[in-house]
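Undergrad: when you get a sec, could you give me coordinates for this:
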Amino acid sequence: MSVGPLVVEIICIFVLSAYLLHKYGNWRKQHPLVTIITFISWYFSLIIIFLIPLDVSATFYQQCKADHDSTKNSPSMPVEDERTTTTSAAAIISTIVTNNSDDYDANATHRRSVRDAVNCQEPWSYVPDILPIIWKIVYWTTFLLTWAVIPLLKSYANAGDFTVRGKLKSAFIENLIWYGSYLVIFGALLIYVIVSPKLNIDAAQLQVIGITASNTWGLLLLVLLLGYGLVEVPRKYWAESSKSYLLNHTYFQVAKLSTEKSEADEELEDILEDIRKASDVIRYDHPLRKHVNTIIEKCPDAFQDSLSKHLDDFQEYDDRRAIQMPSEKDLVKLHQKVIAAILSQRRTETQWNLMVEKACKLEDIQQNEICASREFHHSLQPQYTGWATHICTPKVEWYWKIVVEPVCLKVLAVVLVIFSFMVIWSEVTFFSKDPVLSLFAVFINIAKQNYHYIYIELACCIIITYLCVCSYYTVFKIRIFNFYYLAPHHQTDENSLLFCGMMLCRLTPPLCLNFLGLIHLDGHVTGENNMIETSYTSIMGRHLDVLPLLENGFYIYYPITILLLCIATFFNLGGRCLSCLGFQQFVGEGDMTTDYVSEGRELIKRERRKQRRSLDGELRRKNFQEKYQQKADNYTRRPRAPGSDSDTSRGSVGSFSNKAKYSRMPKCDDHVELLRQDEPIDFNEDTVAEFTDELSGYSSGGGKNERSNGVGRYSHKSKPRGIFDDI
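TA: Next up is the predicted model:
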């Protein structure tokens, strides 16, 4: 027994969760409650995924010991004495001569199992009586997070009410859909238990029904997500090996995202105009003014500055009564709208920046494919730091991105296709007990017979990880969940982090239970009465003992529908149907696809021109400053004539006065001093258009200008705003 591997694995999972949260989130700007809840949900979900292999190896060892004990206590085959074994062998030989040979085969198999049972090897990570405690803590924590805490927290953050009680009420009403779906399943199972004469209702049964409802809801969603992800994940890597196809697909996404970005900006501008009107009507002597101030604090900084400059505390307008006075309910709706609009604007802005960066990189690769010098040339300055600057030389980068990377992606895609086929085959045939058709069960049983516990844990970890990747990839890929996204470099918002944690907690338990069925380590699948189950199954699989309807039907045959979903995804039936209905879908050579690709290409060209102008402006400013700084240094080093100001200002102690120390340059350089810190501007058609765009987006806060140094009435620069700071 060794606790070391378990402790090391828990620490590694902790570090991995912290790294992922640091990569995608920004704990300096997020509310502390969001950071804590997200970390716990991610951490506990990863614990379930990476501790299941330890539970599997420990179960195989316990099964070996149980077989040894049962064989040792069996009177038909004693193993204590070598002489007894020899006598039994002689009896078996005589039986072969006189009786049927099938009896010999049975006894030989039994003797082999006895010999193997004596040599039971303890796993290197075997820790008895600890995993059941961990499973109870982890499962019930994730259960509360996914069904109570995180949904309420997400809705609480987006609620437009101005009090804690009002926000909680709105959050509960908004989550009635989630709770309703859960209660429907819970009520159906409860009715089944009441009607069944063999089952009684008590606290333990209600607990089991609660677990059943959660697992059933998770399995319903899990099969749908796996049916899409098992096909799309290998297809994604195969498509990335073809840069021309990937570039056209990126152009298509850029064109679609440009429309969404424009709509989000226009919607935010309309809402800000409504806020301006409400602020003009509700003055500082009105009791609802504090709610207006709360709404204004959620607006962009530029809008707050522009609003504060035009407010007058002492001026009364005679025409205020002509405008309808908004009520508190109207302000609540307006508050909720501005929260949603700002989130949508930030989401589209972040996705736009990432998509433009991806398209520029793909265009660079396409242009370097025909480079005769075999050195990679960037259109913009590459962002390499540290040791990467010494490794990623132009020649190495060219060979990697042009020659090696496409081949690696194709090999990886082929491996993932084989792996997806194994998953689909095992999902369709895992209920077959004799013969065993599940490929994962066959591989694990081979390792079990040879006591290769490290191989068992490694294989289990790889299988579960791939199932998780296919499931969670679908969550952030399909259109219905496009509101949420995971963006690196600390650009993910709080809603997306909470949503990711909620889906992890909701999908991981049924996914691991399904995995145990694939490797035939669930007694409800194999039907063996003397089989020792994992500690995880003893907690999560008790509902199958109480509800035989699920044991013999739903949990066995429902995963077969993955095959139908994979076929539909392979032929892109959903995308083709949506394209026929008028929705923008990338379907190859269609007219709509071609138009969107052309539009996306032009948008990327425009973004490249903006980036080049920005870089050229910085380069000109740098050269301008270096040139005249060198001229100023040369002037200060020139020899002075006797009787100059510097000599006459020298004091008796031999030190220079302030006048001599900070002497000015000659009059010919007066204009240089005034313009030294200014940035030279290239006045052409593009810069004028860009300047007018910034002026038009000033009211919506979409301009690129920073806030003025003056502190406005609603500015809060000293502390970053979170999503709960108005409470």
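
Undergrad: what's the longest helix in this protein?
TA: For the chain, the helix with the greatest residue count under DSSP state H is helix 591-636.

Undergrad: for residue 357, identify the helix or strand it belongs to.
TA: helix 328-368 (DSSP states H and E).

Undergrad: swap in residue 564?
TA: Counting by DSSP H and E, residue 564 is part of helix 561-570.

Undergrad: and the residue nearest the centre of this structure?
TA: Note on the chain: the residue nearest the mean C-alpha position is residue 486, at 4.5 Å, using C-alpha atoms, centre = their mean.

Undergrad: can you read off the backbone torsions of the nearest residue to residue 214 once chain neighbours are set aside?
TA: Here the nearest residue to residue 214 in space, its sequence neighbours aside, is residue 143; by C-beta to C-beta, 6 or more residues apart in numbering that works out to 6.2 Å. C-betas here are computed from N, CA, C, even on glycine. When quoted as degrees, to the nearest 10, the phi and psi of residue 143 stand at phi -60, psi -50.

Undergrad: and the pLDDT for residue 114?
TA: Note on residue 114: pLDDT of 44.

Undergrad: again, but for residue 369
TA: 89.

Undergrad: same check on the one 10 residues further on?
TA: As summarised for this prediction, residue 379 has a pLDDT of 81.

Undergrad: where does it sit: helix, strand or coil?
TA: Here residue 379 is coil, with the state taken from DSSP: H, G, I helix; E, B strand; the rest coil.

Undergrad: what is the neighbour count of it?
TA: Using other C-beta atoms under 10 Å, residue 379 has 14 neighbouring residues.

Undergrad: look up how far residue 359 lies from it.
TA: 11 Å (C-beta to C-beta, to the nearest Å).

Undergrad: next one: residue 470 from residue 430, what distance?
TA: Using C-beta to C-beta, residue 470 is found at 17 Å from residue 430.

Undergrad: same question for residue 324.
TA: 65 Å.

Undergrad: which one of those two has more residues nearby?
TA: Using other C-beta under 10 Å, the more surrounded residue of residue 324 and residue 430 is residue 430, with 25 against 9.

Undergrad: any low-confidence regions in the stretch 251-400 of the chain?
TA: Scanning the stretch 251-400 of the chain with the threshold set as pLDDT under 70 gives 308-323, 382-386, 388.

Undergrad: my bad, the stretch 601-727 of the chain
TA: 631, 633-727.

Undergrad: could you redo the last one with a cut-off of 50?
TA: Scanning the stretch 601-727 of the chain for pLDDT under 50 picks out 644-683, 685, 688-689, 691-720, 723, 727.

Undergrad: so how far is residue 558 from the closest residue to residue 423 other than its chain neighbours?
TA: With sequence-adjacent residues excluded and distances taken as C-beta to C-beta, 6+ apart, residue 423 is closest to residue 230, at 6.0 Å. Going from residue 230 to residue 558 by C-beta to C-beta gives 16 Å.

Undergrad: of those two, who's got more company?
TA: Neighbours of residue 230 and residue 558, each counted by other C-beta under 10 Å, are more numerous for residue 230; the result is 30 against 15.

Undergrad: distance of residue 453 from residue 53?
TA: Taking C-beta to C-beta, one finds residue 453 at 9 Å from residue 53.

Undergrad: cool, residue 522 as well?
TA: Distance from residue 522 to residue 53, by C-beta to C-beta: 16 Å.

Undergrad: same deal with residue 416?
TA: 21 Å.

Undergrad: now swap in residue 185 and tell me
TA: In this structure, residue 185 lies at 30 Å from residue 53, with C-beta to C-beta as the measure.

Undergrad: also residue 284?
TA: From residue 284 to residue 53 the distance is 64 Å (C-beta to C-beta).

Undergrad: more neighbours: those two, which one.
TA: residue 53 (22 against 12).

Undergrad: so what pLDDT did residue 120 get?
TA: 79.

Undergrad: list the contacts of residue 483.
TA: Taking C-beta atoms under 8 Å, 6 or more residues apart in numbering as the criterion, residue 483 is in contact with 344, 347, 495.

Undergrad: so which strand or helix has it?
TA: Counting by DSSP H and E, residue 483 is part of no helix or strand.

Undergrad: local confidence estimate at it?
TA: pLDDT, residue 483: 73.

Undergrad: check the one 4 residues further on too.
TA: Here, the pLDDT recorded for residue 487 equals 79.

Undergrad: and it, how many neighbours?
TA: 16.

Undergrad: that older thread, any idea how far residue 501 is from the residue nearest to the centre of the chain?
TA: 11 Å.

Undergrad: likewise for residue 625?
TA: Residue 625 is 48 Å from residue 501, by C-beta to C-beta.

Undergrad: what of residue 592?
TA: From residue 592 to residue 501 the distance is 37 Å (C-beta to C-beta).

Undergrad: residue 586: what secondary structure?
TA: Strictly by three-state DSSP, residue 586 counts as coil.

Undergrad: phi, psi of the closest residue to it other than its chain neighbours?
TA: In this structure, residue 586 finds its nearest non-sequential neighbour in residue 252, 4.8 Å apart by C-beta to C-beta, 6+ apart. With angles defined as degrees, to the nearest 10, residue 252 sits at phi -60, psi -40.

Undergrad: wait, residue 252 sits on residue 596?
TA: Yes - under the criterion of C-beta atoms under 8 Å, residue 252 makes contact with residue 596 at 4.7 Å.
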